[in-house]
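Novice: coordinates only, sequence not included:
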């Protein structure tokens with residue numbers, strides 16, 4: 001069967017790449033032929049941020065010509081090199097070509113996973129109704145582990161797009177979501193039951209793709225969006241913990257200007273850095289997913305932008321005590337190993353549920 005996957009495969013982001021890879025490989029393991037569909041852009045519904053970007057650029061030029069200027073230049077070239085590697089090296093691994101593919105004439109189209117329903121944010125594709133099922137030419141459309149991110153029903157009302165989203169969603173035959181916010185979102189708008197499934201990176205075994213070893217040992221892995229962990233209090237607490245436990249502080253795949261090392265790696269090398277880390281501090285959904293997957297002692301920083309999906313993820317695996325709310329608790333959180341026997345049992349059951357979901361729904 002030929003399957004089109006409508007996902008976030010062109011985003012310069014390791015989590016987006018790995019979820020797309022895992023979903024494609026999982027579907028192929030069931031005897032299917034898979035192709036990625038690109039997101040057909042829609043209109044902008046968020047206030048134009050061009051002025052904000054201009055100010056940000058000006059701030060970069062005149063704001064802080066201080067002792068950190070060298071690191072700022074290093075950050076610039078790190079991001080540039082990462083983008084080049086994604087486009088020229090990583091995307092071809094997925095089968096994503098430089099020419100965009102908007103064809104949706106497949107036996108079945110799978111929308112997901114990642115934040116495919118997160119429309120209340122400023123992204124280059126705007127309010128893309130194709131992500132909600134509109135304009136797709138396949139006779140059957142399903143989702144897998146779809147997420148709204150921090151988009152809520154209230155935000156749909158705020159941007160006056162509720163009716164358009166509701167109409168588009170009627171084209172989708174079966175819904176699989178990955179968090180309770182998205183479940184409520186879908187069931188309210190469609191009156192259809194949404195099935196909960198875990199992120200595809202948790203159900204797929206990457207072992208054969210990972211390097212057997214990496215050059216670093218005895219380290220704390222930091223995984224957060226570029227320079228997002230930037231307040232002195234958080235940085236000093238992490239540095240203090242690292243010094244006490246005689247660990248290096250490494251950021252892999254993303255750039256933090258205060259870390260001992262910033263490593264530009266492949267997506268599979270990134271997973272190896274999670275696998276071999278002594279501790280992990282993250283503020284992202286996939287950083288938390290990878291920490292769980294490789295049974296790490298980790299702490300997750302919850303932010304307003306990710307509290308819906310990240311808070312629910314931790315709750316699902318009975319790991320809410322990994323939330324780093326009070327910085328003074330970092331030592332206690334990282335030194336307390338989670339009960340991974342029960343966590344791994346949940347992953348095992350959810351992996352079987354995902355397989356059953358596909359076997360039940362990849363047919364007419």
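Specialist: Yep, that arrived. It should be emphasised that the depicted structure is a prediction, and the values quoted were computed from it without experimental measurement. Numbers count the residues shown, from 1 in each chain.

Novice: what's the single longest helix in the chain?
Specialist: When the chain is parsed with DSSP state H, its longest helix is helix 340-361.

Novice: for it, packing partners?
Specialist: Other helices and strands packing on helix 340-361, by 3 or more C-beta pairs under 8 Å, 6 or more residues apart in numbering; DSSP states H and E, are helix 14-29, strand 141-144, helix 200-203, helix 285-293. All C-beta atoms are positioned from the backbone trio N, CA, C, and that covers glycine.

Novice: orientation of that helix relative to helix 14-29 in degrees?
Specialist: 50 degrees (axes from the mean of the first three to the mean of the last three C-alpha atoms, to 10 degrees).

Novice: list the buried ones in helix 340-361?
Specialist: 340, 343, 347, 350, 351, 353, 354, 357, 358, 361 (16 or more other C-beta atoms under 10 Å).

Novice: Touching, the second one and residue 294? I think so.
Specialist: Just to be clear, that refers to residue 343. No - taking C-beta atoms under 8 Å as the definition, residue 343 is not a contact partner of residue 294, at 11.2 Å.

Novice: wait, what's in contact with residue 19?
Specialist: Residues in contact with residue 19, defined by C-beta atoms under 8 Å, 6 or more residues apart in numbering, are 7, 8, 113, 114, 145, 199, 200, 201, 286.

Novice: How about residue 12?
Specialist: Taking C-beta under 8 Å, 6+ apart, we find residue 12 in contact with 82, 83, 86.

Novice: wait, isn't the last one in contact with residue 14?
Specialist: No - at 9.1 Å, residue 86 and residue 14 do not qualify as touching, with contact defined as C-beta under 8 Å.

Novice: Who has more neighbours out of the two?
Specialist: Under the criterion of other C-beta atoms under 10 Å, the comparison of residue 86 against residue 14 puts residue 14 first, with 26 against 19.

Novice: Apart from its chain neighbours, what residue comes closest to that one?
Specialist: Nearest residue to residue 14 in three dimensions, chain neighbours excluded: residue 253, at 4.7 Å (C-beta to C-beta, 6 or more residues apart in numbering).

Novice: ok, that neighbour to residue 129 distance?
Specialist: From residue 253 over to residue 129 the distance is 31 Å, taken as C-beta to C-beta, to the nearest Å.

Novice: Look at these two and report which has more neighbours.
Specialist: residue 253 (24 against 21).

Novice: got the contact list for that one?
Specialist: 14, 82, 223, 263, 264, 265, 267, 270, 273.

Novice: Could you do residue 17 as well?
Specialist: By C-beta under 8 Å, 6+ apart, the contact set of residue 17 is 9, 11, 86, 90, 94, 267.

Novice: does the fifth one really touch residue 38, like I thought?
Specialist: If I follow you right, that is residue 94. No - using C-beta under 8 Å, residue 94 is not in contact with residue 38, being 11.9 Å away.

Novice: How is residue 250 classified with respect to secondary structure?
Specialist: Assigned with DSSP: H, G, I helix; E, B strand; the rest coil, residue 250 falls in the strand class.

Novice: again but with residue 175, I slipped
Specialist: Residue 175 ends up strand, using three-state DSSP.

Novice: Isn't it up against residue 192?
Specialist: Yes - counting by C-beta under 8 Å, residue 192 is a contact partner of residue 175 at 6.0 Å.

Novice: Phi and psi next, for the residue nearest to residue 14.
Specialist: Phi and psi for residue 253, reported as degrees, to the nearest 10, are phi 90, psi -20.

Novice: confidence score at it?
Specialist: With respect to pLDDT, residue 253 has a value of 97.

Novice: repeat for residue 63
Specialist: 43.
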